[in-house]
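Asker: Following is a predicted model, sequence given first.
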Amino acid sequence: MDLHLKNLFDRFQEQFGSGPGLGPGSGTCLMKVEGISSNFIKLLFKASAALYRTEPWRRLRPGHLFGVRVGKDSDWSGKKQPFPCSQFIGGDGGDIGFYMFRSENDAKKMTGSRETIRVPNVELLRVTYELETLMFPSNRKMIKSLSLEASGNDRFPVIDVTRCTSSGELQFRNPTLEELKFVYAFMRAISLVHPLLQADKEGGSNWTKLISFGPFIETVDIQWPPEMARGHELVAVTISHPPGQAYEEKISSTASSTPTKYAEPPDEVTFMDIRVNSNSSSRHCAMCEKEVNGDQSLCCGRCRAVVYCTSLCQKQHWKESHKSMCGLYKAMMEREEELVMKIFMFPCSAAQPCKWLESLGIHQKGMWRRKCSCYSHCPFGLLPVKGGLWDSWGGLDDEEYPGDLPFHNQLRDGISSPILLSGWSEYYNLRSLPLSSPVADILSHPLTVYHILTALSINTKNLLLKGKEVILHYLGPEGEMDWMPAFSEISHLLNGLGNIQIIMVGPEVPTNLSGTTSGISSRVRVNLVRGVYQEEATYLPSPHVIVALNCALDRYSSWGGALDLIKAIGVPAFFTEQSEILCANAKQVLRGAGLHITHPVTPNPFRSPVKNHDSSTNLPSYSNGFVLGVNA
């Protein structure tokens, strides 16, 4: 009788219990991984929660295989990528998660029409999202003791490595630290790039529900946790679909660089006169600063970044300064394709802001008046206001801008808590905004602030999660003072928990607004103070964090005293710049002021998608494009 019940139970579980996965939880526990730290476990759970929020299972099925490449082969033991192929499971029901395979061949052998096929002696890594109530006691204890971040309401990732024996039974083991490092990089990267997949409407079969995607390859730079860095702060992660996709040209040789589609540069002693696109706006020669039109200017034949009026200026600039910077500029130009946010469906290049705004029908309207020079005669913060959110957003259609409404059904453990965002795709999805809406260009400022408070600054995140107030000193405001309706979105993202007091301090604050308070929402208020920070800080409440957006640290001598004060008070401070070269300059300024950089230069997931260019270069420039932190 017992044998009969056992066989009956086995058949039931085989038919109904496993879904598209390999079976129930294995009982493995990350705390038992040799050499792992609690901080890295927290980051693993944070990365898996960010991936969960992007909901890849809405579109992806096991048949959609992805190629994965993290850094170089030489970075891994055996000089080989551990799991170069992956798939998502659970879109049709059953266990939600993803599998990572040792090879594409293994993935194809194990991928059935609905379930994962058990193939003897093939090992794979699994990440499945399980309800906490169904997890093994050891995992529940770990979750409670480390206060790990939940995915959704009450799901947590279970990570293990499984192998089917010749007899058909499953064997499980804990992943190694190296394998966890690999899957961490994958989760961070795939959450950013999978929304970019474009459906192949012509190539897909009409008789199947499986969406067919066009060939795809994207590379993003992921920041390693401090204990994993080993000399490299960033690592390039390339995701491709199908796995065989590859860059056709040269592959860069460093672990933290991006594969490039650019041709080899000319020989060192050869100068090439490469004409800049004639449609581009006027620029300035990098040597003599003479203004030149697009069809008259030349650029460096190696980096294609620096603009000149004549070949004489080009050769002179090479000898005096450009020779030492050309390699850095070239690396930045090679990353241009990576930095472009391809998800958006409005024109994302604004070399001529007025024409860009006119193409969208919002020129000289609402908050957009600060996006060109037409209202430069009007002091910051004093633009005439007609009133109403519709007017503030320049008359965009109602569904094209965020309404003054809360986010619904955003609960964690049954209670409200601040909404943690991974990027624009997730935000637009939560707000049900069409990707043709340009509001990200203005929302970049408030959402960058929110990203710093909830993702980069651990102290302020904890205060908000506890429902307490965060005091933020915001240095050097300009156009932001006319974008208060956009800053009210921070209140809705707080989702009923915590408060933020933003104190904007800068010389551009109008005299008649200095000392005023704007209660832009029930949970966010803004105080305006005219003056330089080092002179006014004594009279302000002590901050939990300091922020300066698009600060141009290397251009203003008044930053010297402010940086000395930031060093003295020792609170975390975060700076954003529009391009990597400006960030590189900012790092030198900060280090020269004796500040310790604790958050290295990284692309900001809430940078503006609208690309501009410095007047003397072709380097891509994005508002709030890159962020770095000190004293954090």
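Answerer: Yep, that arrived.
Asker: I'd assumed L475 was in contact with A537.
Answerer: No. A537 lies out of contact with L475 (C-beta atoms under 8 Å); the separation is 9.8 Å. In this view, the C-beta of every residue, glycine as well, is placed from N, C-alpha and C.
Asker: Spell out which residues are contacts of both of these two.
Answerer: V505 (C-beta atoms under 8 Å, 6 or more residues apart in numbering).
Asker: Give me the distance between D554 and Y474.
Answerer: Taking C-beta to C-beta, to the nearest Å as the measure, D554 falls 20 Å from Y474.
Asker: Comparing the two, which shows the higher neighbour count?
Answerer: Y474 (25 against 13; other C-beta atoms under 10 Å).
Asker: can you tell me which residues contact the residue nearest to the more buried one when sequence neighbours are not counted?
Answerer: Nearest residue to Y474 in three dimensions, chain neighbours excluded: M504, at 4.5 Å (C-beta to C-beta, 6 or more residues apart in numbering). Applying C-beta under 8 Å, 6+ apart to M504 gives the contacts Y474, P477, E480, M481, V526, N527, L528, V529.
Asker: What is the burial count for the closest residue to L595 other than its chain neighbours?
Answerer: Spatial nearest neighbour of L595, chain neighbours left out: V630 (4.2 Å); criterion: C-beta to C-beta, 6+ apart. V630 is flanked by 24 other residues according to other C-beta under 10 Å.
Asker: correct me, but V630 touches L590?
Answerer: Yes. Checked against C-beta under 8 Å, the pair V630 and L590 is within contact range at 5.7 Å.
Asker: Need the residues touching each of those two.
Answerer: With C-beta under 8 Å, 6+ apart as the test, V630 and L590 both reach F575, I597.
Asker: Can you tell me how far F574 is from I581?
Answerer: For F574, the distance to I581 - C-beta to C-beta - is 19 Å.
Asker: what residues go with each domain of the protein?
Answerer: With domains defined by the TED database, the chain comprises 24-197+213-241, 283-339, 424-630.
Asker: and W368, which of these is closest to it?
Answerer: domain 424-630 (7.4 Å; C-beta to C-beta).
Asker: thinking V505 is in contact with H473, fair?
Answerer: Yes. Between V505 and H473 there is a contact at 6.4 Å, judged by C-beta under 8 Å.
Asker: Please identify every residue contacting each of these two.
Answerer: Y533, A537, L540.
Asker: between those residues, which is closest to H408?
Answerer: L540 (36.3 Å).
Asker: Could I get the pLDDT score of that closest one?
Answerer: Per-residue confidence (pLDDT) for L540: 95.
Asker: before we move on, back to that, which element, helix or strand, includes the residue nearest to Y474?
Answerer: strand 499-506 (DSSP states H and E).
Asker: how far out from the middle of the chain is that strand?
Answerer: Put simply, strand 499-506 sits 24 Å off its chain's centre (C-alpha atoms, centre = their mean, to the nearest Å).
Asker: after that strand comes which helix or strand?
Answerer: Counting by DSSP H and E, what follows strand 499-506 is strand 517-518.
Asker: packing partners for that next one?
Answerer: strand 524-530 (3 or more C-beta pairs under 8 Å, 6 or more residues apart in numbering; DSSP states H and E).
Asker: quick one: strands adjacent to the strand it packs on?
Answerer: strand 499-506 (parallel), strand 517-518 (antiparallel) (DSSP bridges).
Asker: Can you get me the start-to-end distance on stretch 81-89?
Answerer: 22 Å (C-alpha to C-alpha, to the nearest Å).
Asker: nope, stretch 528-535 is what I meant
Answerer: 15 Å.
Asker: Not counting it itself, show me its contacts.
Answerer: Residues contacting stretch 528-535 (C-beta under 8 Å, 6+ apart): 381, 473, 475, 477, 481, 503-507, 509-511, 513-518, 536, 540, 558, 561-562, 564-565.
Asker: What are the buried residues along that stretch?
Answerer: Within stretch 528-535, the residues that qualify as buried by neighbour count (16 or more other C-beta atoms under 10 Å) are L528, V529, R530, V532, Y533, Q534.
Asker: what ranges of the stretch 301-450 of the chain fall below the confidence cut-off?
Answerer: 338, 409-415 (pLDDT under 70).
Asker: Okay, strands next: where are they in it?
Answerer: Applying DSSP state E, counting those that start in this stretch to the stretch 301-450 of the chain gives strands spanning 307-308, 411-412, 415-416.
Asker: now do the stretch 151-300 of the chain
Answerer: 155-164, 170-173, 216-223, 234-241, 274-275, 283-284, 291-292, 298-299.
Asker: I'd like to know how far the residue nearest to G498 when sequence neighbours are not counted sits from L234.
Answerer: Nearest residue to G498 in three dimensions, chain neighbours excluded: L464, at 3.6 Å (C-beta to C-beta, 6+ apart). Using C-beta to C-beta, L464 is found at 28 Å from L234.
Asker: So for those two, which residue has more residues nearby?
Answerer: Applying other C-beta under 10 Å to L464 and L234 shows that L464 carries more neighbours, namely 25 against 21.
Asker: Give me the three-state assignment for that one.
Answerer: Here L464 is helix, with the state taken from DSSP: H, G, I helix; E, B strand; the rest coil.
Asker: So what's the gap between the helix or strand hosting R126 and the chain middle?
Answerer: Using DSSP H and E, R126 maps to strand 123-131. How far strand 123-131 lies from its chain's middle: 24 Å, per C-alpha atoms, centre = their mean.
Asker: Summarise which helices and strands the following helix or strand past that strand is packed against.
Answerer: Using DSSP H and E, the helix or strand that directly follows strand 123-131 along the chain is helix 137-146. Using 3+ C-beta pairs under 8 Å, 6+ apart, the elements in contact with helix 137-146 are helix 38-53, strand 155-164.
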